[in-house]
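Participant: model the structure of this input:
(one chain, ligands or ions: 1)
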Amino acid sequence: MTAKAYSTTASPEFVFQKLNEIGVPTHFVRRLNMREQLIREVEIIPLEVVVRNVAAGSLATRLGIEEGTQLPRSIIEFYYKNDKLNDPMVSEEHITAFGWATTQEIDDMIALAIRVNDFLSGLFLGVGIRLVDFKMECGRLWDNDMVRIVVADEISPDSCRLWDIKTADKLDKDRFRRDMGGLIEAYTEVARRLGIMSENEPPQGTGPVLVKS
Ligand code: UDP
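Facilitator: Below you'll find the model as predicted:
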(Lines give C-alpha, C1' and ligand atoms only; values in the text may rest on other atoms or scores of the structure.)
Protein backbone atom coordinates (compact mmCIF):
# COMPACT_ATOMS: atom_id res chain seq x y z
CA MET A 1 0.00 0.00 0.00
CA THR A 2 1.19 3.51 -0.73
CA ALA A 3 0.06 6.90 0.49
CA LYS A 4 -0.42 9.40 -2.31
CA ALA A 5 -0.46 13.16 -1.75
CA TYR A 6 -2.72 15.43 -3.78
CA SER A 7 -4.12 18.91 -3.98
CA THR A 8 -6.85 19.85 -6.43
CA THR A 9 -10.10 21.75 -6.18
CA ALA A 10 -12.46 18.79 -6.09
CA SER A 11 -12.04 15.61 -4.09
CA PRO A 12 -9.91 13.54 -6.48
CA GLU A 13 -10.96 10.24 -4.95
CA PHE A 14 -14.63 10.84 -5.71
CA VAL A 15 -14.65 9.02 -9.05
CA PHE A 16 -12.53 6.09 -7.85
CA GLN A 17 -14.63 5.65 -4.72
CA LYS A 18 -17.78 5.50 -6.85
CA LEU A 19 -16.15 3.05 -9.27
CA ASN A 20 -15.17 0.77 -6.37
CA GLU A 21 -18.76 0.96 -5.10
CA ILE A 22 -20.16 -0.32 -8.40
CA GLY A 23 -17.57 -3.09 -8.63
CA VAL A 24 -15.13 -1.54 -11.10
CA PRO A 25 -11.74 -2.36 -9.55
CA THR A 26 -9.36 0.56 -8.95
CA HIS A 27 -6.14 1.01 -7.01
CA PHE A 28 -7.88 3.36 -4.57
CA VAL A 29 -8.49 2.08 -1.03
CA ARG A 30 -9.55 5.07 1.04
CA ARG A 31 -8.83 8.64 1.88
CA LEU A 32 -6.41 9.04 4.80
CA ASN A 33 -6.72 12.75 5.48
CA MET A 34 -7.18 16.02 3.60
CA ARG A 35 -3.99 15.58 1.57
CA GLU A 36 -3.38 11.85 1.24
CA GLN A 37 -5.13 8.75 0.05
CA LEU A 38 -4.30 5.09 0.53
CA ILE A 39 -3.83 3.23 -2.73
CA ARG A 40 -2.80 -0.32 -3.61
CA GLU A 41 0.59 -0.60 -5.23
CA VAL A 42 0.18 -1.59 -8.87
CA GLU A 43 2.50 -2.04 -11.82
CA ILE A 44 1.40 0.70 -14.18
CA ILE A 45 0.86 -0.46 -17.76
CA PRO A 46 2.64 2.10 -19.99
CA LEU A 47 -0.50 2.96 -21.95
CA GLU A 48 -3.04 5.74 -21.87
CA VAL A 49 -6.51 4.44 -22.64
CA VAL A 50 -8.63 7.15 -24.28
CA VAL A 51 -12.39 6.74 -24.64
CA ARG A 52 -14.23 9.08 -27.00
CA ASN A 53 -17.96 9.71 -27.34
CA VAL A 54 -17.80 12.95 -29.32
CA ALA A 55 -15.15 14.11 -31.82
CA ALA A 56 -12.70 16.59 -30.26
CA GLY A 57 -9.00 17.29 -29.84
CA SER A 58 -6.54 15.07 -31.64
CA LEU A 59 -9.23 12.82 -33.17
CA ALA A 60 -11.01 15.80 -34.75
CA THR A 61 -7.68 17.12 -36.09
CA ARG A 62 -6.30 13.79 -37.28
CA LEU A 63 -9.41 12.67 -39.15
CA GLY A 64 -10.79 16.08 -40.11
CA ILE A 65 -14.04 15.62 -38.20
CA GLU A 66 -15.74 18.74 -36.90
CA GLU A 67 -15.36 19.12 -33.13
CA GLY A 68 -18.63 18.28 -31.41
CA THR A 69 -19.73 15.59 -33.87
CA GLN A 70 -21.34 12.69 -32.04
CA LEU A 71 -19.40 9.51 -32.84
CA PRO A 72 -21.34 6.51 -34.23
CA ARG A 73 -20.19 4.58 -31.15
CA SER A 74 -17.70 5.04 -28.35
CA ILE A 75 -14.16 4.63 -29.61
CA ILE A 76 -11.27 3.35 -27.51
CA GLU A 77 -7.70 4.24 -28.40
CA PHE A 78 -4.33 3.38 -26.86
CA TYR A 79 -1.36 5.73 -26.56
CA TYR A 80 2.13 4.63 -25.53
CA LYS A 81 3.22 6.60 -22.46
CA ASN A 82 6.50 8.16 -23.50
CA ASP A 83 7.08 11.89 -23.05
CA LYS A 84 10.06 11.97 -25.41
CA LEU A 85 7.90 10.55 -28.20
CA ASN A 86 4.90 12.68 -27.23
CA ASP A 87 2.75 9.69 -26.27
CA PRO A 88 2.13 8.27 -29.78
CA MET A 89 -1.07 6.42 -30.61
CA VAL A 90 -0.44 2.66 -30.91
CA SER A 91 -2.41 -0.34 -32.14
CA GLU A 92 -3.10 -3.59 -30.33
CA GLU A 93 -0.47 -5.16 -32.60
CA HIS A 94 2.18 -2.78 -31.25
CA ILE A 95 1.07 -3.40 -27.67
CA THR A 96 1.39 -7.18 -27.86
CA ALA A 97 4.47 -7.21 -30.13
CA PHE A 98 6.44 -4.93 -27.79
CA GLY A 99 5.17 -6.71 -24.67
CA TRP A 100 3.44 -3.72 -23.05
CA ALA A 101 0.35 -5.83 -22.37
CA THR A 102 -1.07 -9.23 -23.38
CA THR A 103 -4.15 -9.78 -25.53
CA GLN A 104 -6.10 -10.75 -22.39
CA GLU A 105 -4.95 -7.59 -20.62
CA ILE A 106 -6.03 -5.49 -23.61
CA ASP A 107 -9.48 -7.12 -23.43
CA ASP A 108 -9.61 -6.40 -19.69
CA MET A 109 -8.62 -2.74 -20.24
CA ILE A 110 -11.29 -2.34 -22.93
CA ALA A 111 -13.93 -3.90 -20.66
CA LEU A 112 -12.93 -1.56 -17.80
CA ALA A 113 -12.87 1.46 -20.12
CA ILE A 114 -16.42 0.73 -21.32
CA ARG A 115 -17.70 0.40 -17.75
CA VAL A 116 -15.96 3.61 -16.65
CA ASN A 117 -17.33 5.42 -19.70
CA ASP A 118 -20.89 4.25 -19.04
CA PHE A 119 -20.66 5.22 -15.39
CA LEU A 120 -19.06 8.63 -15.97
CA SER A 121 -21.36 9.50 -18.91
CA GLY A 122 -24.39 8.89 -16.68
CA LEU A 123 -22.88 10.69 -13.71
CA PHE A 124 -22.13 13.83 -15.74
CA LEU A 125 -25.36 13.69 -17.77
CA GLY A 126 -27.22 13.87 -14.46
CA VAL A 127 -25.65 17.26 -13.76
CA GLY A 128 -26.00 18.67 -17.27
CA ILE A 129 -22.51 17.84 -18.53
CA ARG A 130 -21.53 15.94 -21.68
CA LEU A 131 -18.59 13.55 -21.30
CA VAL A 132 -16.82 14.13 -24.62
CA ASP A 133 -13.75 11.98 -23.96
CA PHE A 134 -11.39 11.00 -21.18
CA LYS A 135 -8.09 9.31 -20.49
CA MET A 136 -7.52 6.58 -17.96
CA GLU A 137 -4.63 4.35 -16.99
CA CYS A 138 -4.53 0.79 -15.78
CA GLY A 139 -2.23 -1.20 -13.54
CA ARG A 140 -1.51 -4.81 -12.66
CA LEU A 141 -2.51 -5.65 -9.13
CA TRP A 142 -0.68 -8.67 -7.76
CA ASP A 143 -2.47 -10.84 -5.23
CA ASN A 144 -0.07 -13.70 -4.43
CA ASP A 145 0.25 -15.46 -7.81
CA MET A 146 -2.87 -13.87 -9.25
CA VAL A 147 -2.76 -10.68 -11.25
CA ARG A 148 -5.67 -8.54 -12.30
CA ILE A 149 -6.07 -5.29 -14.15
CA VAL A 150 -7.45 -2.31 -12.23
CA VAL A 151 -8.04 1.35 -13.02
CA ALA A 152 -5.15 3.45 -11.66
CA ASP A 153 -3.76 7.01 -11.61
CA GLU A 154 -6.70 9.46 -11.43
CA ILE A 155 -9.64 10.64 -13.48
CA SER A 156 -10.39 14.37 -13.14
CA PRO A 157 -11.28 17.41 -15.30
CA ASP A 158 -7.55 17.38 -16.15
CA SER A 159 -8.02 14.14 -18.06
CA CYS A 160 -11.60 14.54 -19.35
CA ARG A 161 -13.37 16.77 -21.83
CA LEU A 162 -16.52 18.03 -20.17
CA TRP A 163 -18.94 20.32 -22.01
CA ASP A 164 -22.02 21.96 -20.57
CA ILE A 165 -24.98 20.31 -22.30
CA LYS A 166 -26.97 23.54 -22.79
CA THR A 167 -24.25 26.07 -23.55
CA ALA A 168 -21.42 23.78 -24.81
CA ASP A 169 -19.09 25.70 -22.46
CA LYS A 170 -15.87 23.83 -21.79
CA LEU A 171 -15.53 22.83 -18.15
CA ASP A 172 -12.14 21.12 -18.39
CA LYS A 173 -8.42 21.56 -18.96
CA ASP A 174 -8.97 22.78 -22.55
CA ARG A 175 -9.70 26.18 -20.94
CA PHE A 176 -6.04 26.21 -19.95
CA ARG A 177 -4.66 24.50 -23.08
CA ARG A 178 -6.56 26.88 -25.35
CA ASP A 179 -5.86 29.99 -23.26
CA MET A 180 -9.51 30.60 -22.52
CA GLY A 181 -9.10 31.44 -18.82
CA GLY A 182 -11.60 30.60 -16.09
CA LEU A 183 -10.10 27.18 -15.37
CA ILE A 184 -10.55 27.29 -11.60
CA GLU A 185 -14.13 28.53 -11.99
CA ALA A 186 -14.88 25.69 -14.42
CA TYR A 187 -13.41 23.03 -12.10
CA THR A 188 -15.28 24.54 -9.17
CA GLU A 189 -18.50 24.43 -11.18
CA VAL A 190 -18.02 20.72 -11.98
CA ALA A 191 -17.30 19.96 -8.31
CA ARG A 192 -20.29 22.04 -7.21
CA ARG A 193 -22.69 20.28 -9.57
CA LEU A 194 -21.44 16.89 -8.40
CA GLY A 195 -21.71 18.04 -4.77
CA ILE A 196 -18.06 17.30 -4.04
CA MET A 197 -16.48 20.57 -3.08
CA SER A 198 -13.24 19.76 -1.30
CA GLU A 199 -12.93 20.30 2.43
CA ASN A 200 -9.50 21.91 2.03
CA GLU A 201 -10.77 24.74 -0.11
CA PRO A 202 -9.56 28.14 1.04
CA PRO A 203 -12.25 29.87 3.11
CA GLN A 204 -14.10 32.68 1.30
CA GLY A 205 -13.38 35.15 4.15
CA THR A 206 -12.57 38.82 3.97
CA GLY A 207 -8.93 38.36 5.03
CA PRO A 208 -7.30 38.72 8.44
CA VAL A 209 -9.30 40.50 11.08
CA LEU A 210 -7.49 42.24 13.91
CA VAL A 211 -8.79 41.09 17.26
CA LYS A 212 -8.25 43.66 19.99
CA SER A 213 -7.40 42.21 23.38
N1 UDP B 1 -5.50 13.31 -22.24
C2 UDP B 1 -4.84 13.30 -21.02
N3 UDP B 1 -3.48 13.24 -21.00
C4 UDP B 1 -2.73 13.19 -22.12
C5 UDP B 1 -3.41 13.22 -23.38
C6 UDP B 1 -4.78 13.28 -23.40
O7 UDP B 1 -5.48 13.32 -19.96
O8 UDP B 1 -1.50 13.11 -22.05
C9 UDP B 1 -6.97 13.34 -22.28
C10 UDP B 1 -7.50 14.70 -22.74
O11 UDP B 1 -7.79 15.50 -21.62
C12 UDP B 1 -8.78 14.32 -23.47
C13 UDP B 1 -8.51 12.91 -24.00
O14 UDP B 1 -7.41 12.41 -23.24
O15 UDP B 1 -9.85 14.25 -22.55
C16 UDP B 1 -8.19 12.89 -25.48
O17 UDP B 1 -7.14 13.76 -25.74
P18 UDP B 1 -6.66 14.04 -27.24
O19 UDP B 1 -6.12 12.78 -27.84
O20 UDP B 1 -7.77 14.67 -27.99
O21 UDP B 1 -5.42 14.97 -27.11
P22 UDP B 1 -5.33 16.51 -26.79
O23 UDP B 1 -6.13 17.22 -27.81
O24 UDP B 1 -5.85 16.65 -25.40
O25 UDP B 1 -3.86 16.77 -26.90
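Participant: point me to the residue of the protein nearest the ligand.
Facilitator: G57 (2.2 Å; Cβ to the nearest ligand atom). (C-beta placed from N, C-alpha, C; glycine too.)
Participant: how near is R35 to S159?
Facilitator: Noted for R35: a distance of 20 Å to S159, by Cβ to Cβ, to the nearest Å.
Participant: looking at the two, which one has more neighbours?
Facilitator: S159 (17 against 12; other Cβ atoms under 10 Å).
Participant: what sits opposite the nearest residue to the more buried one once chain neighbours are set aside in the beta ladder?
Facilitator: Closest residue in space to S159, ignoring its immediate chain neighbours: K135 at 4.5 Å, by Cβ to Cβ, 6 or more residues apart in numbering. The bridge-partner assignment for K135, based on DSSP bridges, gives V50.
Participant: isn't K135 up against G57?
Facilitator: No: in this structure, K135 is not within contact of G57 by Cβ atoms under 8 Å, at 10.3 Å.
Participant: who has more neighbours out of these two?
Facilitator: K135 (18 against 15).
Participant: now do the contacts for the residue sitting nearest the centre point of the chain.
Facilitator: For the chain, the residue nearest the mean C-alpha position is I155 (2.1 Å; Cα atoms, centre = their mean). I155 makes contacts with V15, F16, V116, L120, F134, K135, M136, as judged by Cβ atoms under 8 Å, 6 or more residues apart in numbering.
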